[in-house]
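Asker: From the sequence below, what's the structure:
(chains A and B)
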Amino acid sequence: MSLQVELEQHRNTLIVRLRGELDHHTADIVRFKIEDAFLRGRCHHVVLNLQDLSFMDSSGLGVVLGRYKTVSSRGGKLVVCGAQPAVKRLFELSGLLKILPFHETETAALAGLEVVS
Amino acid sequence: MSGRDFMKLSFTSRSENEAFARVAVAAFVSRLDPTLEQLQDLKTVVSEAVTNAIIHGYEGREDGIIEVEVEIEGDTVSLTVSDQGKGIEDIELARQPLYTSRPELERSGMGFTIMENFMDEFDIDSAPGAGTRLRMKKRIESKKALYN
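Answerer: Okay, the predicted model is just below:
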């Protein structure tokens, strides 16, 4: 079981694509990679593409919540897209579904940000 | 399925074993032919329980022992996750949604809430210094039953 993190910068937005399983074991590396790319790239927003994330537990919620705090404290937005039903249910249970904008696709997520930036 | 079926795992409190435990439990329970959603729920619950034992029970120590027991009786899965770690001081507080005893670790505080929501029965047996035992049950409606 592992997790791959793909990072891409699109203008002032960091796109993070997670593939695999996000749990306590893989949380640290995700946290570090996103934080590092976000700060070094002087990004404003983050799009979290969870289309290929097959598993997530509350450790993953902690990582997302932490990044939401970093991004929003700098005036940016964190947007989630492509979350599978099981992953989405966790967001719902935690109340994050009400705080974060969710989109079906990465294109829709980016289009949503173009309006706010 | 009738009769009783049982398995027991014992492993060290290393974070790699979170994935091992949830995959092993899912493989064992798959004989009940659960829906994908039910299997995902069980995997999430096992992951939460084992992660708690590692982070809170053994506070990151990798030489602790975690035991996972699964019993299938009819269409009901009983899951027990135990550690001999430091135990929980205040169980009621620990059960509160969003509460975490380790905010510095960027925890969501949702572990117990998820376990309670995804299982039909959920019980915590713990005392300071005496470890923690989580006992849970979930009824599995097999896909076969849904189709018949």
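
Asker: any weak-confidence spans in chain A?
Answerer: Under the criterion of pLDDT under 70, the regions of chain A flagged as low confidence span A:1, A:116-117.

Asker: Pull out the buried positions in the lengthiest strand in it.
Answerer: When chain A is scanned for its longest strand (criterion: DSSP state E), the result is strand A:45-56. Neighbour counts using 16 or more other CB atoms under 10 Å in any protein chain shown place A:45-50, A:53-56 of strand A:45-56 among the buried residues. C-betas here are computed from N, CA, C, even on glycine.

Asker: Kindly report the same for stretch B:45-65.
Answerer: When burial is assessed from 16+ other CB under 10 Å, stretch B:45-65 yields the following buried residues: B:45-58, B:64.

Asker: Quick one: end-to-end distance for it.
Answerer: Distance across stretch B:45-65, first residue to last, is 18 Å (CA to CA, to the nearest Å).

Asker: what does chain A put close to chain B?
Answerer: On the criterion CB under 8 Å from any CB of the partner chain, chain B has as its neighbours in chain A the residues A:1, A:21, A:23-25, A:27, A:31, A:55, A:57-59, A:61-63, A:65-66, A:85-86, A:90, A:93-94.

Asker: at 6 Å instead, please
Answerer: For chain A, the residues found near chain B under the criterion CB under 6 Å from any CB of the partner chain are A:1, A:23-25, A:57-58, A:61-62, A:65-66, A:86, A:94.

Asker: Distance to A:R17 for those residues - can I get that in TSV?
Answerer: Supplementary listing: the residues of chain A next to chain B in TSV, determined by distance: CB to CB, whole Å:
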residue	distance to A:R17
A:M1	18
A:D23	18
A:H24	21
A:H25	19
A:D57	19
A:S58	21
A:L61	18
A:G62	19
A:L65	19
A:G66	18
A:A86	18
A:S94	22
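
Asker: Now the buried members of these.
Answerer: Buried members of those, scored by 16+ other CB under 10 Å, are A:23-25, A:57-58, A:61-62, A:65-66, A:86, A:94.

Asker: Sounds good, over and out.
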